[in-house]
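1. Fold the stuff below for me.
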Amino acid sequence: MGIPTMLVVEDNPDHLELTLTILEENGASHHIVVARDGLEALDYLFCQGLYCDRNPDEQPELVLLDLGLPKMNGLQVLRHMREDPRTFFVPVIMLTSASEQSDAILALKGGLNSYVSKPLDFRDFEARLEEIREYWRLSGLAPLSA
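-> Numbering: from 1, shown residues only. Now for the predicted structure:
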């Protein structure tokens, strides 16, 4: 088995850069795949479109999913993931802005594993991603382990 994969689904270039920087600085030892909208995320997960040659048996260990995405929002992506046995058990952490927190809380009923509010401050966001990493490490699932 190769290096585990993490799918980061984020359309905002600044938030994407911040997320990738934090993951790199905290030693996430994953191959990181980036999707910039909900449809691209589903194409990756279900081996369609540009990802038709991807091995469908190798799902990401974790999906960091922005809620407010173009083409298909994060709630819709999550719903498709939870309706399909290939992605049903893939852990999903939703990244939300403060105004979207109520939607993220509703998504917990739909199979979301956790959510993180995207603060405006880099160090606050880094601390929150580190808390998520530690949570997963302690849970025994450890998708963000170094």
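2. who's the closest residue in space to Ile32 that isn't next to it in sequence bridged to?
-> The shortest distance from Ile32 to any non-neighbouring residue, by Cβ to Cβ, 6 or more residues apart in numbering, is to Met6 (5.2 Å). Where C-beta positions appear, they are placed from N, C-alpha and C, glycine not excepted. Beta-bridge pairing of Met6, defined through DSSP bridges, involves Ile32, Leu62.
3. Met6: how many residues sit nearby?
-> A count of neighbours around Met6, defined by other Cβ atoms under 10 Å, yields 21.
4. Check the contact between it and Tyr44; I expect there is one.
-> No - in this structure Met6 lies outside contact range of Tyr44 using Cβ atoms under 8 Å: 11.5 Å.
5. Need the overlap of contacts for the two.
-> Val33 (Cβ atoms under 8 Å, 6 or more residues apart in numbering).
6. just to revisit the earlier point, where's the residue nearest to Ile32 relative to Leu20, distance?
-> For Met6, the distance to Leu20 equals 10 Å [Cβ to Cβ, to the nearest Å].
7. Now the common contact residues for the two.
-> Joint contacts of Met6 and Leu20 (Cβ under 8 Å, 6+ apart) are Ile32.
8. where's Val8, which helix or strand?
-> Counting by DSSP states H and E, the element that carries Val8 is strand 5-9.
9. Leaving out sequence neighbours, find the closest residue to Ala104.
-> Nearest one to Ala104, counting by Cβ to Cβ, 6+ apart, is Tyr115 at 3.9 Å.
10. what are the phi and psi angles of that neighbour?
-> Backbone torsions for Tyr115, taken as degrees, to the nearest 10, come to phi -140, psi 160.
11. Run through the bridge partners of it.
-> Met94.
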